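1. Next come a sequence and a model predicted from it.
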Amino acid sequence: MSSLRSHLEWKAEQILGQLRDGHSLARLSEVYEVPEEHLAARVPDWRRRYAPGEPTP
């Protein structure tokens, strides 16, 4: 699992931006070739770290 984490960590801010632009986790899962569950688990941490003022849906 740590390889998935490091694979996406450098893309975290880009992924958050894509979510804000309306892309779904399912679509981003396809684009980044990682399980949707992994993205769903990482997004809250990324929001705290990279976008602390952003509301969590």
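-> Yep, it's here.

2. What number of residues are in the vicinity of Trp46?
-> Residue neighbour count, defined by other CB atoms under 10 Å, stands at 19 for Trp46. Backbone N, C-alpha and C define where each C-beta goes, glycine included.

3. If we ignore the residues flanking it in sequence, what's nearest it?
-> Ala12 (4.4 Å; CB to CB, 6 or more residues apart in numbering).

4. Name the SS class of Pro52, please.
-> coil (DSSP: H, G, I helix; E, B strand; the rest coil).

5. Kindly state the pLDDT recorded for it?
-> Note on Pro52: pLDDT of 77.

6. Likewise for Glu33?
-> So, for Glu33, pLDDT stands at 89.

7. before we move on, back to that, wait, isn't the residue nearest to Trp46 in contact with Arg47?
-> No - contact criterion CB atoms under 8 Å: Ala12 and Arg47 do not qualify, at 9.3 Å.

8. No further questions, thank you.
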